Each structure stands twice: as C-alpha cells, then as structure tokens.
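> how would this look folded up:
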Amino acid sequence: MTMKDEEVASQEDLTTKNKEIGTFNLNTALFCGGLAFDAYAEPPSNSSRWERGSKGIQVAFVSQAFTRSLYKGLIEVTPLRCVDLPDEDNTAEGLLTGGGVDAYLLVGVVEGKWKEDIKLLEREKIHNGVLDLNGCAHVGRGTTAWSTITEKKAMKQLEFRKKQEKEADTKKDNKPKKPINAAYHIKSTWTKGGEAVWELDPPFYLYVQDPSTAGIALTVMDDDVVGDGSSIGSAFRKLSSLLPATKEKDAVGMLKNAVMEKLATETTKNLSDLDLAKMMTQEWEGEIPLTSKPRLEDKNSQIAAGAAAGAMLAGPAGAAVGGLVASFYEGKIRGKVKLKLRYIPIPQVQFKRQKYKVRGGLPGVQWGEMYERHIAKQNDVHEHLSGNDLEFCFFINHDETGCSCALYRSLENRMIVVSFRGTCEPKDLITDASLIQEAWVKGEDIEKEDAIKVHSGFRTSLESISRRLKELLLASVAPGEDLSQYDLLVTGHSLGGALSTLFVADIAEYGVDAGRSLPQLEPSEPWWISLTSTFTATGESSIVPPPPRPKSLRMYNFGSPRVGNEAFVQKFESYRGNTLNEAFRLVNGQDVVARLPRTFNTVVFGSIGYEHCGTTALISPSKVKIDGGKEIDLDKETLVSPPLWIEGESNADECPVRDGTPLASPLVTGGLLDELVTSTKTSMDAQDENNASNPLDYASKMLKAADKVAGRLKKASITELASIVGINEKFSSREIGLIKSLVSGEAVSHHMEDEYYQGMGRACGFVAKVGEELREM
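All right, here's what the predicted structure looks like:
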C-alpha cells in the first residue's frame, strides 16, 4: 500500500468515526462563538453583586433571579471594635505606623458542607482563619483602623467629609463617593492591649445558601503598609448559635408566621412598614473572643529566653530543655471582637428573566444579532438554542491565576453554557506560556510510560476556580429539576479553549464532581448530594450516588492551543460518542495559537509531546492570496475556497492544523526522489536496436538522464527537496507556511476576535465586519 493509500484509508476511518460521534453543527458553533467572546467583557463592579471569596476566587452575580434561587438569606455585618490587640512586631512597619497594629476585620460565610474548613476552625488553634479556608465563598472586609489615626483625627476627617458631601448635594453632584472611614486606634497601655474602633463605619453584607448549617469565620488582620498584611487571630461561630431563627430550614416561613402572630395581636393602624421589616429580621450584638492565631514565624528571642531560664535552673542540660520547650510555644491568643449581625431572609419570589443580549468582547461586533438572523433564515427548522430567556447568571475569576469564565442558562430550553475567557494578549500565550507538563490526575506517577499528562499552566489555572464553578453549575438548574435534564455546552477562545477542553475531560469521565477541583487520586467528598437536594427533590439515602451528569455534553472552542500529550488525547477521544456527544475546535486560517505548543525535546525534561483534542473545523481567513501573490477580500470577491472545512466531513485531505507525520520514506510514490528514479530508469531502459551494445549510446543515455534530473531539481520547491532526505512533503509545507504567517503577522491577527467574527459570518452567509451593519452575502 502506498503512502497515499494509507492516508485515504486513515481518512475513511476518521469519517466513519465522526459519523458515530456526531457531525458539526453550524448553528451551535455560531451560538458558542458569541458566548466564547462575550466572556471577555467582565461585568463592571456596579452592574452586579460581587462575591469576594477566600483563596482569591471572585464571583459576580449578574442575574437577580439566579442569585435569589441560590441564596436563602443575607447577613448584615457591622464591626464595632476589637480589644486587647497586640503591638506591631514588625520593626519596619512599626516605624511607619507608630507601633500599633492596623486592624481590620474579615468575615466569611462557611457553608455547612465544607467539612474540612469547619474542622480546621473548630479543632485547630494555629491557623490563619479565613485566609486558610478552601470553600469560603463569600468574604466581607471592614475598614482599617490605622494606628496613626486617633479618635480626634477620625472625627475631624468625618466632619470634613460630611461637609464635602453637603456641598456636593447642593451642587447636585452625582459622582460616586468613596465610603467614609471613621475608624481609629487606641494605643495599648501597661495594663491592656490596643483597641481598633469601627463603630461609625457602614455595614457590609454576606449571602448564605443554607443558614441552618452555615457558620461565620472572623479574622482580625493587620493591614501592613509594608507587605500584604497578616492574620492576628480568628474565631468561628455557628450562625444558629447567634441567630436562632436560622436553625429552621424555612426561615422565611418561620418569620412570616411571627409577623402573622404580631398582626393578630396588634392593629395594623399602629404597625408601620419599618415595623414589618424589623419583624422579618433577627439581630444579634455581642463580643466574640478570638480562639486561634497564626504560627509564630520568628521564635529566636523566646528560644533564647527559654534557654537562659533553663540554664539558671539546671545548667547546660536545662538550657537545652528550656530552648526546646520555648520552640513549641506559640504565644497567647489575644483579642475580642464586638460586632452586630442581622439576618435577613430572602423571599423566594418569581422574577421575570429578561433575555440577555449576546454582544462579544470588542465594541462593534454583533454576535447575538448574527445568530438570530442566521436562525431566522432557516424558517425555524432548527432549534433556537438561546430560547426566549437566555440568562447571564454569573462571572467567576481568580485573582492570582487570572482564570475566568461566565455561565449562561436557558431554563426554557434546559440548557447551560460555560464559557471560559482567554488571554487578552495572544503574544503572551505564544512567548510566555510554560510548556512543562504534569499528571492530569493529581498524585499519579508522571514518570510512567503511559502517563496522562497535560500543560501545567493550564491545569493550575483551571484548578483555581473549578470546584466553585461546579458548585454553582449544579445550582443553575430550575428548582425541582436535575442536571440530568439539562444540555451542557462548553466553549472558550484561546486559553479559554484549552480550559474548556480540560473541564470537559473532567466532566466526561467523572461527572460534575464538586467534591474536589480537578481529578485526583484522593477520594473527593460527595457533598453535592446535599447541594443538589437543596435545589431539586428532597429525600435521604444511605447509598452515595455518583456525581451528577448532564443530559448531553458538547464542546465547541475557538483558537484553542494543545493541552496534553498523546495519552491524554487518546483518553479524551474515548469519551466521544459515550459521555461526550460532540467536540469541535474551530481554527481561523493561520491562527498560530491553535498550532501550539509543539512537541519538543529538552535535556532537562526529556521529550514533551502535545497533540490536539477533538475534530478540526477550519474557517477561511478574511483575505487570501491566490496564484501570483494577489490578495483578495473574500467578502467582496467570489469565494475561491469553502468558508468552512470540517475534518472527516468535507474531503479526504489531512487536517492542516495537525502536525502530521514529519518523516516519510524518500521513495514514497509520487515523491520527488521517486520521480527522479523513475525518470532515470525510463531513460536508461530505452534501447536502440541498432546500437544495443554501443558504449557511446550508453554514455549518451546517462547524459540525457542527468540533464533531466538537473532540470527537475532546478524546478523543485523547498518541500520537494526536503522529501529527498525523508521529510514528509506536506509536513514541511505546513511548517514553511507557519513561518511565513508568523513573519507576515497573519499568525497572530487570525487569532483575534474580529477575524473569527468575519470568518463565522462568511460561513453563515454574512459580511460581518467590526463597527458595520451585518449584511447578507
């Protein structure tokens, strides 16, 4: 069998496989394209409710309907003061602040199902409180009582600010004002520690999913001018121990009954709206002592003191024992926090959901309109994926890794879409990304020959938000429904495409396992049982069910880099047609990011291989060069190539985005060397009956054959010459094309949103250009 026959046979196998795992759907691709780029537009701080969580996770809740279905109550926290504070132990910081700590209060809601966090807070005495929690979804921060600000200074600042606000009101200045900081510090004395006073500061608010099992964690922080600050001490209390109304599963119903009882005993004439509001809430005010503290970093002075004391009692042996004992001493836990709490139940009322308009990341793009018009052209034959109630539920990101994604849903169509945001600068992904790999399943031996490995940077990024994302994903279904009734679409562009691939691989194999972030050898905690029962049916069972799975799982990503080695790709492909219904990667023209990272060899790390996952859908670029180097605009001229090429569906050509096989036999049929050998053999085999054994005739044939070879070599291209030494001609042609695209700038420009917008527009029959009205081709 020739190399060409092998390629055709391989392509036939791929075509058969694609039929088994689902064909490319242009409607779905266009819908996902809009949401893949829409995720670049992070919600502004004033357009949604931001949830600042522990471990750098932040969530912007955009939809009121989703927020109300997720949370049962709201806690209003008003810090009042903290007494018995230690003095500053950092010399440099003490010089700047005058010796006292610059205290502020962190308060976090710890949901009851985060057992590892509750165990830490209730049993351990040495930790950093809120800073050490894994599942503290919502954290509020009070203002800082700077040790240089006395009560007199604070009151003076407060009076000045009030005067400014009064003048602004007179001038009708509606610009947003910074919150007033009236906090101050009372210095320590010989008999008592310092105090931080926040009594005139405004409250902040925390949301609670299940108030009957939740608790609050308090951490007093030292807001250092030099450095990032540090924990002073922490405390933890079950919410129900402070606010008994939260013990009830239906706090709203219980408080409603209290209101009805009040109405039965008093006339409505004497009951104001303020009275009714107060009756629906419960308040607590008191003092909570700190019960834990961070580990001491510098124990040199106390070890020296312990050694000296021991030496006085028992000489050198006593010194050794005294120093050892002192090294274990972590110091006294000091401090009490006084604060006010108010619990406000959230009534579960029906909200009319307004349909979200999909825009995109760039101003002037109209992804949503293009999708609507494309569907309209088909006379409603195809299902409208967004329905009449597409809802932007939330946006989640991580402070350190920058990993971000958005979640959308249509309850009408029972569809959830997760869209991962990519990098804003493609060159950062090309030049700065780490190429090192790590085990896909945390804890597995990466040195094994068949180890499944993925890009370390991509995995670290996704791991930072994955667990919180899955928690919220499980809560995105309508009350009384189950995830198994919903279709799940996952998309993303650039880095977002890589993250979507890893996220899909996790769900395809394990389901939506919200008991851990990404796959690991250690067992995860199956607390999703309780979470899903909160939003779905009720009932208890002693049998632990597997993690929930969606009705269908599909992935359409754009310009995605490669994420793992061949073993990972084989594992990924095994899901297709089983737990993964569709997986397509759309690539625009010469988009270089979709061709990276490359397989390479290093002295330190050995061979590091990368392969692509999913079926390729290649989009024609907006401009192409035809014979003679002339550049034409495909939106204005007759199409010279199909606007969309689907691997395994369009034709039997090799996928131009895959690397292919770099090595080939130099004598492959149709190759340059095969052509030269055949030409020479034909020339030498030609016989002259009259001069069959004439040496001069033989020499003449040799000269003619040599002339043919020389003439053919002069016309040979670089790729043909490379094939003589065993380099696959198609492979070298792709490599040369990639280099040319990098030099010309096409490799990066084809990766940008405007090019994908134009390309998807052409595929759907539209001229789509940024800042211009859509028009049909």
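> quick one: strands adjacent to the biggest strand by length in the chain?
The longest strand of the chain (DSSP state E) is strand 73-85. Strand 73-85 pairs in its sheet with strand 194-197 (antiparallel), strand 204-208 (antiparallel), strand 336-345 (antiparallel), by DSSP bridges.
> Thr148 - how many residues pack around it?
14 (other Cβ atoms under 10 Å). C-beta coordinates here come from the backbone N, C-alpha and C atoms, glycine included.
> again but with Leu488, I slipped
Leu488: 22 neighbours (other Cβ under 10 Å).
> what residues are up against it?
By Cβ atoms under 8 Å, 6 or more residues apart in numbering, the contact set of Leu488 is Met415, Ile416, Val417, Val418, Ile507, Pro550, Lys551, Ser552, Leu553, Arg554.
> among these, which lie within helices?
Secondary structure from DSSP state H places Ile507 of these in helices.
> select only the buried ones of the contacts of Leu488 in PyMOL?
For the buried members of the contacts of Leu488, the matching PyMOL selection, counting by 16 or more other Cβ atoms under 10 Å, is:
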select buried, resi 415+416+417+418+507+550+553+554
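> in TSV: the contacts of Leu488, plus pLDDT and distance to Asn181.
What follows is the contacts of Leu488, written out as TSV (pLDDT from 0 to 100; distance: Cβ to Cβ, whole Å):
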residue	pLDDT	distance to Asn181
Met415	96	46
Ile416	97	41
Val417	98	41
Val418	98	39
Ile507	97	45
Pro550	97	47
Lys551	96	51
Ser552	96	52
Leu553	97	49
Arg554	97	50
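> quick one: Thr616 is in a helix?
No: with DSSP: H, G, I helix; E, B strand; the rest coil as the criterion, Thr616 is strand rather than part of a helix.
> give me the spatial nearest neighbour of it, chain neighbours excluded.
Glu647 (4.2 Å; Cβ to Cβ, 6 or more residues apart in numbering).
> correct me, but the one you found touches Ala617?
Yes: Glu647 is in contact with Ala617 according to Cβ atoms under 8 Å; the separation is 7.2 Å.
> please enumerate the strands of the stretch 151-300 of the chain.
Counting by DSSP state E, counting those that start in this stretch, one finds strands in the stretch 151-300 of the chain at the ranges 184-186, 194-197, 204-208, 215-222, 230-238, 282-289.
> closest to His374 out of the ones you listed?
Closest approach to His374 among the strands of the stretch 151-300 of the chain (Cβ to Cβ): strand 204-208, 38.7 Å.
> so which of the contacts of Leu488 is the closest to Arg359?
Using Cβ to Cβ, those come closest to Arg359 at Val417, 14.9 Å.
> isn't the closest one right up against Asp487?
No: using Cβ under 8 Å, Val417 makes no contact with Asp487, being 9.2 Å away.
> pLDDT value on the residue nearest to Thr616, please?
Per-residue confidence (pLDDT) for Glu647: 84.
> and Cys405, that one's in a strand?
Yes: with three-state DSSP as the criterion, Cys405 is part of a strand.
> that one pairs with what?
Bridge pairing for Cys405 - DSSP bridges - gives Ile396, Phe420.
> the stretch 501-650 of the chain: strands as residue ranges?
With strands called from DSSP E, counting those that start in this stretch, the stretch 501-650 of the chain shows them at 552-558, 582-588, 600-602, 606-608, 615-619, 623-625, 631-633, 644-646.
> any idea how far the residue nearest to Thr616 is from Phe584?
Here Glu647 is placed at a distance of 9 Å from Phe584 (Cβ to Cβ, to the nearest Å).
> between those two, which contacts overlap?
Listed as contacting both Glu647 and Phe584 by Cβ under 8 Å, 6+ apart are Thr615, Thr616, Ala617.
> what's the most buried one of the strands paired with strand 73-85?
Ranked by mean neighbour count, the strands paired with strand 73-85 are led by strand 194-197 with a mean of 24 (mean count of other Cβ atoms under 10 Å).
> sorry, back to before: quick one: which of the shared contacts of Glu647 and Phe584 is nearest Ala182?
Distance to Ala182, by Cβ to Cβ, is smallest for Ala617 among those, at 59.4 Å.
> any idea what the closest one is bridged to?
As for beta bridges, Ala617 partners with Leu586, Ile646 under DSSP bridges.
> count of residues packed around it?
When neighbours are counted by other Cβ under 10 Å, Ala617 registers 23.
> try Gly564
27.
> and the one helix or strand Glu51 maps to, which strands flank it?
Assessed by DSSP states H and E, Glu51 sits inside strand 49-52. With DSSP bridges as the test, strand 49-52 is paired with strand 57-61 (antiparallel).
> ok, residues contacting the strand it pairs with?
42-43, 48-53, 67, 70, 137, 393-399, 464-465, 468, 472.
> just the buried members of the residues you listed?
Burial by neighbour count, judged by 16+ other Cβ under 10 Å, picks out 42-43, 48-53, 67, 70, 137, 393-398, 464-465, 468, 472 from those.
> all helices of the stretch 401-550 of the chain, in order?
When secondary structure is read from DSSP state H, counting those that start in this stretch, the stretch 401-550 of the chain shows helices at 426-432, 456-463, 466-474, 495-510, 528-535.
> by how many degrees do the longest one and helix 456-463 diverge?
Per axes from the mean of the first three to the mean of the last three Cα atoms, to 10 degrees, the angle that helix 495-510 makes with helix 456-463 is 70 degrees.
> show me what contacts Glu42?
By Cβ under 8 Å, 6+ apart, the contact set of Glu42 is Ala60, Phe395, Asn397, Ser404, Arg421.
> try it again at 7 Å.
Shown in contact with Glu42 (Cβ atoms under 7 Å, 6 or more residues apart in numbering): Phe395.
> Arg141 too?
For Arg141, the contacting residues are Tyr104, Leu106, by Cβ under 7 Å, 6+ apart.
> do you have the helices of the stretch 251-400 of the chain handy? List them.
In the stretch 251-400 of the chain, the helices defined using DSSP H, counting those that start in this stretch lie at 251-265, 273-279, 300-328, 367-377.
> could you tell me the least trusted of those helices?
Set side by side, the helices of the stretch 251-400 of the chain give their lowest mean pLDDT on helix 273-279, at a mean of 57.
> what is the neighbour count of Gln157?
Counted with other Cβ under 10 Å, Gln157 comes out at 15.
> fine by me, we can end here.
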